[in-house]
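Participant: my questions concern the predicted model and sequence given below.
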Amino acid sequence: MRARAFITAFALVSVIISITGAGALAQARDLASLVGAAEPGGVVRLPEGTYAGNVTIDKPLTLIGETGAVVDGGGQGHVLTLAAPDITVKGLTIRNSGESLNEEHSGIYVTEAADRALIEGNRLEHNLIGIYLKGPDDAVVKGNHIAGRTDLRVNERGNSIHLWNTPGSRIVGNTITGGRDGIFTTTSKDNVFAGNIMEGVRFAVHYMYTNRSILRGNVSRNNDAGYVIMFSHHLTVEDNVSQGDRDHGLLFNYANSSTMRGNAVVDGGEKCVFIYNANKNDFRGNRFEGCGIGIHFTAGSERNTIVRNAFINNESQVKYVGTTHLEWAEDGVGNYWSDNAAFDLNADGIADRPYRPNGLVDQIVWRAPEAKLLLTSPAVQIVRWAQSAFPAILPGGVVDPYPLMQPPAEAAAPQLAEVPKP
């Protein structure tokens, strides 16, 4: 009986209607009537064709698109709004939201009423914000392809996936190109971002006021910055890759009491890692390779554990403008430094002498960049000789008392060739 009612309803609502507005549809089926006719907990399957958007789903429902099923917002408002628990949206192409950031126009807008929403295997394109989780608990965004706006200036674009106060939600296995930030989260907790690929955005992942969360196994490629962690604490950041990001691979600003393990920043731009006013963090087994600066830390960021990392072929391995003496080692093990011309006479894998990435000349150049003109002068050569002959005149800064002779296994180069293209 229910199947017969569904077939009748579909026949009634397949009337062709006109849609007006930016990106208008010439003809579209009436998705709102299809959703309205469905029973709570039911399944609505959309055959190939274009369906009018600006639809609110206000009951538990599964909406499944067959190949070629498109929901088009016609350039107005949210294309789909989820406003009830236990809604699934799967297999659709969702496009052409409105263009108001103030009204948060989105391809899929998930309200706080939509706990346990599942958004899986969709393609979202030409939406201001791709998917907005605005307050639901335990939502899942999985395996979607999201192509954000690139025809707008960066500050006029929305984020591909935007989270606000959505505890327990998981963002897994999505491919993201374009838009402002790939994944932006604020005022949330207990989230998992795993296995996502992000390319051609400002920041791949942008954390603000998001605590007790996991960032694992993601790939950031050719973005302004990779993983920007701000005002967020008790995080696990592990096994992520930043490849070719221009400004920073990893940035931590007032991000405390977190663990960063097994991450790789390669072929980077200005800085592999920038740490600003961030403390009580554990950086272990990471690979920082091919940047202008391997790690730059400042503004009271001295209380971190930095051990068993590999610093490889960076123009400057460390930049620390300060006078505090810091040791980067633990239990007789330090880090690997590619520019450390050292001996290991007892073959224990630890260099025979400590490694200092910066000296007095570096400190002078950072404070007075014009001093670079004197780097080849006899005066500078005398200063360098004096430091090596009289270690007592060395300035405060980083010292690795047990530098490794080889990169540790956990800081191995990532298998970049196996990363699929978006």
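Facilitator: In hand now; what should we look at?
Participant: for this structure, give me the ranges with low pLDDT.
Facilitator: Residues of the chain meeting the criterion pLDDT under 70: 1-28, 322, 359-377, 379-396, 416-422.
Participant: centre-most residue in it?
Facilitator: By C-alpha atoms, centre = their mean, the chain has its centre lying nearest to V205, at 2.1 Å.
Participant: beta-bridge partners for it, please?
Facilitator: I183, Y227 (DSSP bridges).
Participant: in this structure it contacts V219, no?
Facilitator: No - at 10.7 Å, V205 does not count as touching V219 under the criterion of C-beta atoms under 8 Å. C-beta: built from backbone N, CA, C; applies to glycine.
Participant: could you report the neighbour count for G130?
Facilitator: 32 (other C-beta atoms under 10 Å).
Participant: in the stretch 251-400 of the chain, which spans are strands?
Facilitator: Assigned by DSSP state E, counting those that start in this stretch, the stretch 251-400 of the chain shows strands spanning 259-261, 264-266, 271-276, 282-284, 287-289, 293-298, 305-307, 310-312, 316-319, 325-327, 336-337, 397-399.
Participant: now those as a markdown table including mean neighbour count and distance to G68?
Facilitator: As requested, the strands of the stretch 251-400 of the chain are exported to a markdown table (neighbours: other C-beta atoms under 10 Å; distance: least, C-beta to C-beta, whole Å):
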| stretch | mean neighbour count | distance to G68 |
| --- | --- | --- |
| strand 259-261 | 21 | 43 |
| strand 264-266 | 25 | 39 |
| strand 271-276 | 25 | 44 |
| strand 282-284 | 21 | 48 |
| strand 287-289 | 25 | 43 |
| strand 293-298 | 23 | 49 |
| strand 305-307 | 21 | 52 |
| strand 310-312 | 25 | 48 |
| strand 316-319 | 22 | 53 |
| strand 325-327 | 15 | 59 |
| strand 336-337 | 24 | 52 |
| strand 397-399 | 21 | 58 |
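Participant: pretty sure N155 sits in a strand.
Facilitator: No - per DSSP: H, G, I helix; E, B strand; the rest coil, N155 lies outside any strand segment and is helix.
Participant: ok, back up a step: what touches both of V205 and V219?
Facilitator: N196, M198 (C-beta atoms under 8 Å, 6 or more residues apart in numbering).
Participant: can you name the residues that contact N253?
Facilitator: N253 neighbours (C-beta under 8 Å, 6+ apart): V228, I229, M230, F231, Y276, N277, A278.
Participant: wait, the fourth one touches F252, no?
Facilitator: So the one you mean is F231. No - F231 is not in contact with F252 according to C-beta under 8 Å; the separation is 10.3 Å.
Participant: those two: who's more crowded?
Facilitator: F252 (29 against 15).
Participant: wait, the more buried one sits on I229?
Facilitator: Yes - the pair F252 / I229 is scored as a contact, 5.0 Å apart, by C-beta under 8 Å.
Participant: common neighbours of those two, please.
Facilitator: S258.
Participant: chain center to stretch 405-417, what's the gap?
Facilitator: 21 Å (C-alpha atoms, centre = their mean, to the nearest Å).
Participant: could you list the buried residues of that stretch?
Facilitator: M405, P407, P408, A411, P414 (16 or more other C-beta atoms under 10 Å).
Participant: show me what the closest residue in space to the second one that isn't next to it in sequence is bridged to.
Facilitator: For P407, ignoring the flanking residues on the chain, the nearest one in space by C-beta to C-beta, 6 or more residues apart in numbering is A310 at 3.8 Å. Under the criterion DSSP bridges, A310 forms beta bridges with R287, Y336.
Participant: equivalent analysis for N253, please.
Facilitator: Residues in beta-bridge contact with N253 (DSSP bridges): M230, Y276.
Participant: now do V44
Facilitator: Using DSSP bridges, the beta-bridge partners of V44 come out as L63.
Participant: list the residues that contact it.
Facilitator: Counted by C-beta under 8 Å, 6+ apart, V44 has contacts L34, V35, A38, L61, T62, L63, I64.
Participant: now swap in V140 and tell me
Facilitator: Listed by C-beta under 8 Å, 6+ apart, the contact partners of V140 are R116, A117, L118, I119, E120, S169, R170, V172.
Participant: got those as CSV, with distance to H78 and neighbour count columns?
Facilitator: Formatted as CSV, those follow (distance: C-beta to C-beta, whole Å; neighbours: other C-beta atoms under 10 Å):
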residue, distance to H78, neighbour count
R116, 19, 16
A117, 14, 28
L118, 18, 17
I119, 13, 30
E120, 19, 17
S169, 18, 27
R170, 22, 17
V172, 23, 18
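Participant: okay, those residues in CSV with distance to E99 next?
Facilitator: Shown next, in CSV, are the contacts of V140 (distance: C-beta to C-beta, whole Å):
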residue, distance to E99
R116, 30
A117, 24
L118, 27
I119, 22
E120, 26
S169, 26
R170, 29
V172, 29
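Participant: those in strands, which ones?
Facilitator: L118, I119, E120, R170, V172 (DSSP state E).
Participant: beta-bridge partners for the second one, please?
Facilitator: What that stands for is I119. Counting by DSSP bridges, the residues bridging with I119 are V89, V141.
Participant: check the last one too.
Facilitator: Applying DSSP bridges to V172 gives these bridge partners: K142, A194.
Participant: go ahead and confirm it touches K142.
Facilitator: Yes - counting by C-beta under 8 Å, V172 does reach K142; the two are 4.8 Å apart.
Participant: now do stretch 143-150: distance from first to last residue.
Facilitator: The straight-line separation of the ends of stretch 143-150 (C-alpha to C-alpha, to the nearest Å) is 22 Å.
Participant: what comes up buried for it?
Facilitator: For stretch 143-150, by 16+ other C-beta under 10 Å, it's N144, H145, I146, A147, G148, R149.
Participant: again with stretch 244-251
Facilitator: G244, D245, D247, H248, G249, L250, L251.
Participant: most widely separated two among those residues?
Facilitator: G244 and L251 (15.8 Å; C-beta to C-beta).
Participant: for the helix or strand harbouring L133, which strands pair with it and how are they oriented?
Facilitator: L133 is part of strand 129-134 when elements are defined by DSSP states H and E. Strand pairing for strand 129-134, determined by DSSP bridges: strand 106-110 (parallel), strand 161-164 (parallel).
Participant: kindly reformat those as TSV containing mean neighbour count.
Facilitator: Converted to TSV, the strands paired with strand 129-134 look like this (neighbours: other C-beta atoms under 10 Å):
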stretch	mean neighbour count
strand 106-110	29
strand 161-164	26
